[in-house]
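Engineer: Please work out how this folds:
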Amino acid sequence: MSEATDRKSGFAVLVGRTNVGKSTLLNALVGTKIAIVTPKPQTTRDTYHGVVTRPEGQIVFVDTPGIFETEPTKLVANLHHKVRDALEGIDVVVHVVDPSRAIGTEDRHVIELVRHVTQPRILVLNKADLPERPWRQDWLDRAGEYAHALEVSALTGKGVEELVRAIMGLLPTGPLHYPEGQVTNVSNEFWIREVIREKIYLQTGQEVPYTATVQVEKIEDRQTKDGKPLLYIKAAILTTDDRHQRMLIGAGGRRVREIGAAARHELEVALNRKVFLDLTVLVDPHWMDRLETA
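Structural biologist: Model (predicted):
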């Protein structure tokens, strides 16, 4: 932590219904990919920090799982608990919405959730790059309930700097929470796990990703045969039953190889080194039961 100064410093939590683009927005704000992004709901399962440090101060963004309507499960209860928990001890609430979709039950849940917080709230209409946003005015009619109402495109970066300035203006003064140059609190193990999980979402059908998680078992520095640096990663995809295991493995192991190849490519680009990903698919019917909700 840095010494106290007159710089602004605080936490801003991103909340919204599922698939409004919170994780894409977080990546745009930080300037690098720290959150995985897929078209499927429930992609984000954890809360983690993205850090933006400027001469005038530091914003610690907290990404959260989306609020969604679905059958109650241990996983869903855990995700919604994390959203509520993330609202504790923060300085600004950033309510991200998608004006290309009608205001539905999930949106109303989030509206009620943020309505009761005492901290300043900012309404962010995402997806400003879309030509059609038929519910834009419906959201702008609610602007009076917020300190600011801004339109951004997380995809193109439009309006992102304006959002940073608006949040910075609402933060208290105080010491920085992270050293300058650090952009996230995510560990390498967590990030590797998330990259693999992203590829599961992108390469499997609607049902499979929600029965699966990823467990990283080993990360070791090794060398290739010609002496170049090699990162060895041993990981397991855990799924709840034999049927989904077969779907994740695929005919002749094709599906798990495709997942592994896509994950390995991204890891090698990001880490700038050769990666050997030893990936297996195991059945663990109780992995959801081990989720912490307290």
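
Engineer: Name the next helix or strand following the helix or strand containing Arg246 along the chain.
Structural biologist: Arg246 is located in helix 242-249, with elements delineated by DSSP states H and E. As assigned by DSSP H and E, the chain's next helix or strand after helix 242-249 is helix 254-271.

Engineer: Can you list the helices and strands that that next one packs against?
Structural biologist: Under the contact criterion of 3 or more Cβ pairs under 8 Å, 6 or more residues apart in numbering; DSSP states H and E, the helices and strands touching helix 254-271 comprise helix 188-203, strand 229-239, helix 242-249, strand 274-283. Every residue, glycine included, has its C-beta placed from N, CA and C.

Engineer: closest to Ile34 out of the ones you listed?
Structural biologist: Nearest to Ile34 among these is helix 188-203; the distance by Cβ to Cβ comes to 7.4 Å.

Engineer: Could the C-alpha coordinates of the closest one be exported in CSV?
Structural biologist: Below are the C-alpha coordinates for helix 188-203, written out as CSV (Å, rounded to 0.1, in the frame of the first residue of the first chain):
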residue,chain,number,x,y,z
ASN,A,188,-1.6,-17.3,-12.3
GLU,A,189,-3.4,-20.5,-11.3
PHE,A,190,-6.8,-18.8,-11.2
TRP,A,191,-6.2,-17.1,-14.6
ILE,A,192,-5.1,-20.4,-16.2
ARG,A,193,-8.2,-22.1,-14.8
GLU,A,194,-10.4,-19.4,-16.2
VAL,A,195,-8.8,-19.5,-19.7
ILE,A,196,-9.5,-23.3,-19.9
ARG,A,197,-13.0,-22.8,-18.6
GLU,A,198,-13.6,-20.1,-21.3
LYS,A,199,-12.7,-22.6,-24.0
ILE,A,200,-15.2,-25.1,-22.6
TYR,A,201,-17.9,-22.5,-22.9
LEU,A,202,-16.9,-21.5,-26.4
GLN,A,203,-16.5,-25.1,-27.8
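
Engineer: contacts for it?
Structural biologist: 34-38, 40, 43, 46, 48, 186, 208-209, 212-216, 219, 233, 235, 237, 248, 255, 258-260, 262-263, 266-267, 277, 279 (Cβ atoms under 8 Å, 6 or more residues apart in numbering).

Engineer: repeat for stretch 229-237
Structural biologist: Stretch 229-237 is contacted from outside by 192-193, 196, 200, 212-224, 248, 256, 259, 267, 271, 273-282, using Cβ under 8 Å, 6+ apart.

Engineer: Any quick PyMOL command for the buried ones out of those residues?
Structural biologist: The following PyMOL line selects those of the contacts of stretch 229-237 that are buried, judged by 16 or more other Cβ atoms under 10 Å:
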select buried, resi 192+193+196+200+212+213+214+215+216+248+256+259+267+274+275+277+279+281
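
Engineer: quick one on the thing from earlier: quick one: the helices and strands packed on helix 254-271 as CSV, columns for mean pLDDT too.
Structural biologist: Formatted as CSV, the helices and strands packed on helix 254-271 follow (pLDDT from 0 to 100):
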stretch, mean pLDDT
helix 188-203, 91
strand 229-239, 95
helix 242-249, 93
strand 274-283, 96
